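# Prediction below, plus the sequence it came from.
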Amino acid sequence: MTRKKECIAMLLAGGQGSRLGGLTMNVAKPAVLFGGKYRLIDFTLSNCFYSGIDVVGVLTQYKPLILNTYIGTGAAWALDSQDGGVSILPPYQSREGGKWYEGTADAVYQNIEFIDFQDPEYVLILSGDHIYKMDYAQMLAFHKRTGADVTISGYTVPWEEASRFGLMITDENQKITRFEEKPKNPMSNLASMGIYIFTWKVLREALLRDHDDEASQKDFGGNILPTLLAEGKNMYAYPFNGYWKDVGTIPSYYEANMELLDPDCPLQLQDRTIPVYSNSENTKPQYLGPEAHISTSLVCDGCTILGDVHHSIISNDVFIGRGAKIRDSILMHGAVIEDGAEVYDAIIDEKYVVERGRVVGRPHAGAKEITVLSNNDTLTGLTGK
Amino acid sequence: MKKTIGIILNNPDLSLGELTYVRSAITLPFGGRYRLVDFALSNLVNSKIRKIGVFASNKYRSLIDHLGTGQEWSLSRKSQDLMILQGGIPSYLGRSHCAVNLEDFHDNMGFFTHSSSENVVICASNLVCNLDVSKILEYHESKDADVTLVTQKRLGHMESLPDDVGVEADESGRVLSLSMGNSKNLGRIYLSVMVIRTSLLLRAIQQAMTTHSYDLVDILARLTKSLQVYSYDYAGYIRRIYSLQSYYQASMDLLNPSVVQRLFMSERDIFTKIKDNPPTQYGPSAQVTNSFIASGCDIEGEVNSSILFRESDVGPGSVVKGCIIMESCQIGRDVILENVILDRSVTISDQVVLQGTPGNPVAVRKGTSI
């Protein structure tokens, strides 16, 4: 029998991320590469370790192979403890049959047994595709201090983006008085980050009732939270002021990557006191040739750079030939830029080869006109528009 | 392939000045992220040898730390694939070191007697090479040899070391004689890697304890007539690290892409302890050419013909040329370093100038602030 845990995490990682086009053709959104060596899920898993949460159930569904292999035992995030660890939870068969996860709430509902087995006091619901550093222990302390049934992590977003989010209105004590999922006319710009702490008893009961409600979409934002608020449960918004990004589209993905090259970027990947862990490969150091030029860039292990690179992010094992020119671009694992080729404002997907002398993209095209080149034929030339 | 165990030797007497002050040469950092032991260990693992003993010596902390449970080399803790063996005791007692010291082996008899191996591969730990050990084992079995010595044909320009063992072999590869020290006139030199039948090794250990003659190579030299000793010629890339200069030269070889390709070929990886670092960050004023650079560095200055280990920073206006900068070094602004080796965690203040020569690089001890 495992020791009782105060708080465990359920990490929703089944999303397809269809607006990321070719980047999620073969992988789930949480497995998309970011900042050279990272995958999106690294941020959430690293936060779990940093916050002392050592039981993490990862709910997978869409294209899980790379994600499952990548997560492994969770050792890369120091989550392979003796009485905890990472459990990958795909949909499964029971006596009554089996079915896909139909919504975020249904995914957790189908794993009630897993949570009951851990017997926690609180359950933290996380998404595997956000970029941020956060100490969930502080949010849990807030949840206990306010005596809440539900705590939603809130982030102030620009008004023009507000309607993409679940929005909250709170009183002076951060108690939520109104919650609306993606309203057309935003009544607030305090957005739900999709990070919730529930007192397990409250959530368990809500999930059971929601499951029986045939009209329900089985979604946290759309169903569970509005229902609980309407029932008069104690719900609080935990204000988060750090860096947080939900990279749902190609332009926002590109912009978030480019922000890493800004020395004032608040994410601070280089900050060695709060590291972001990842499942690092065994790859030799990078080699820069006698005629290489490189500035304002991030470069990962195993690369060979013989050409000219400026303001770009270069993942593992990329080859950049003599006289090649790379500007304002993201090159994924194993991409090959042959001699003399030029790449401007582009995302070059894993193992894609830009042939000798070819020119890709347009200088200073900007995030909205990004060129994406992928080995998935149908998507070659897809732009961010 | 017959069941084989691997042994990695440790030479506690091998000194590289400041660089062996805190560690023995077996864990000398090399090539941006590796340590010397990684080459021998990866070569054994890549040949599917799953029982490996590594000799520790008096300065063992970095060895234990580096090897951990062995999982980075796919060695399992549960089945005790990797054992740290105690060694170097004769050297403490003031006795001179010999290349393969059977007294050290005797102190770890259980390791040899518990495994039912047919052969033992014995590797020195100061070799930088990517050696296909399985080929050597095939050769050893095809010759039905008692001992196979890995050798290199002597070429005109080759360095000659006082400890060299010369090997004279006939056309079939059968070793006719071994000569210690004065080896210049023999056709081959021994590269400090051998395969030996386990039964023969065990007999040699027992005998050494009664005769007090502990050097296995010396014993073999006297038995070339009665034993089947063969030489296996290795013609690939190999560097022996025996001094600060040879370390510096072997490191600078990594600036030649064809050497890197032969050493880190993907079908036979060199494994090492994995550390989680962010990508290396090149600032707006960075100028980096002809260099081999690990992850987690932050480079604002000029770096040329150098090796940078993980998490080292070079400040703006600084020039680093012909240098080996080990892990976690901090180089301030407007510094000039030329032909310098900085051991780990060295801090260089703004405007400091340090210059050595390629033949005589300046080495700075671990943790120093200048």
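Perfect, I can see it now.
# A:Leu229: what secondary structure?
With DSSP: H, G, I helix; E, B strand; the rest coil as the basis, A:Leu229 sits in helix.
# ok, it touching A:Glu181?
No. Between A:Leu229 and A:Glu181 there is no contact under CB atoms under 8 Å: 11.2 Å. C-betas here are computed from N, CA, C, even on glycine.
# Comparing the two, which residue is more hemmed in?
Higher neighbour count among A:Leu229 and A:Glu181: A:Leu229, with 19 against 16, using other CB atoms under 10 Å in any protein chain shown.
# Was I right to think A:Asp54 contacts A:Leu45?
No. Counting by CB under 8 Å, A:Asp54 stays clear of A:Leu45, with 11.1 Å between them.
# Show the contacting residues for the residue lying closest to B:Glu103 once chain neighbours are set aside.
Of all residues beyond its chain neighbours, the one nearest B:Glu103 is B:Tyr214 (4.7 Å), with distances taken as CB to CB, 6 or more residues apart in numbering or on different chains. B:Tyr214 makes contacts with B:Pro90, B:Cys98, B:Asn101, B:Leu102, B:Glu103, B:Ala208, as judged by CB atoms under 8 Å, 6 or more residues apart in numbering or on different chains.
# Let me see the confidence value for the fourth one.
Note on B:Leu102: pLDDT of 91.
# Ramachandran coordinates for it?
Main-chain torsions, B:Leu102, degrees, to the nearest 10: phi -70, psi -20.
# tally of neighbours for the residue of the stretch 151-300 of chain A found nearest chain B?
Closest contact between the stretch 151-300 of chain A and chain B, by CB to the nearest CB, is at A:Pro285 (3.6 Å). The number of residues packed near A:Pro285 is 25, by other CB under 10 Å.
# Identify the residues contacting it.
A:Pro285 neighbours (CB under 8 Å, 6+ apart): A:Asp301, A:Gly302, B:Gly31, B:Gly32, B:Arg33, B:Phe292, B:Ile293, B:Ala294, B:Ser295, B:Ile307, B:Leu308.
# Reformat the residues you listed as CSV; add secondary structure.
Shown next, in CSV, are these (three-state DSSP):
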residue, secondary structure
A:Asp301, coil
A:Gly302, coil
B:Gly31, coil
B:Gly32, coil
B:Arg33, coil
B:Phe292, strand
B:Ile293, strand
B:Ala294, coil
B:Ser295, coil
B:Ile307, strand
B:Leu308, strand
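# tell me which of those is nearest to A:Leu267?
B:Ser295 (17.3 Å; CB to CB).
# if I look at that closest one, how far off is chain A?
Using CB to the nearest CB, to the nearest Å, B:Ser295 is found at 5 Å from chain A.
# can you tell me which residues contact the closest residue in space to that residue that isn't next to it in sequence?
In space, and not counting its chain neighbours, B:Ser295 is closest to B:Asn277: 4.1 Å by CB to CB, 6+ apart. Counting by CB under 8 Å, 6+ apart, B:Asn277 touches A:Ser280, B:Ala294, B:Ser295, B:Gly296, B:Arg310, B:Glu311.
# Let me know the secondary structure of the residue in the stretch 1-150 of chain A positioned nearest to chain B.
The minimum distance from the stretch 1-150 of chain A to chain B, using CB to the nearest CB, falls at A:Gly36 (4.1 Å). On the three-state scheme (three-state DSSP), A:Gly36 is labelled coil.
# What count of nearby residues applies to it?
Applying other CB under 10 Å, I find that A:Gly36 has 30 neighbouring residues.
# Enumerate every residue touching it.
A:Leu298, A:Val299, A:Cys300, A:Ile313, A:Ile314, A:Ser315, A:Asn316, B:Pro279.
# How many residues are close by B:Lys59?
Neighbours of B:Lys59 using other CB under 10 Å come to 18.
# Helix or strand: which one has A:His143?
Secondary structure assignment for A:His143, by DSSP states H and E: helix A:136-146.
# next SSE after that helix?
Counting by DSSP H and E, the element after helix A:136-146 in chain order, helix or strand, is strand A:150-156.
# Show me what the mean pLDDT comes to for that next one.
In this model, strand A:150-156 has a mean pLDDT of 95.
# Just want the angle from it to helix A:136-146.
Angle of strand A:150-156 versus helix A:136-146, following axes from the mean of the first three to the mean of the last three CA atoms, to 10 degrees, is 120 degrees.
# Indicate each strand paired with strand A:150-156 and its parallel or antiparallel sense.
strand A:190-199 (antiparallel), strand A:235-239 (parallel) (DSSP bridges).
# Sketch out the low-pLDDT regions of the chain for me.
Picked chain A for this. Flagging of chain A using pLDDT under 70 yields the residue ranges A:1-3, A:16-18, A:377-385.
# oops, I was thinking of chain B
B:1, B:90-92, B:94-97, B:156-159, B:182-185.
# which strand in it runs the most residues?
Counting by DSSP state E, the longest strand found in chain B is strand B:188-197.
# Contact partners for the residue of chain B most remote from its centre?
Distance from the C-alpha centroid of chain B, by CA atoms, centre = their mean, peaks at B:Pro284 (37.5 Å). Contact analysis of B:Pro284 by CB under 8 Å, 6+ apart lists A:Ser295, A:Thr296.
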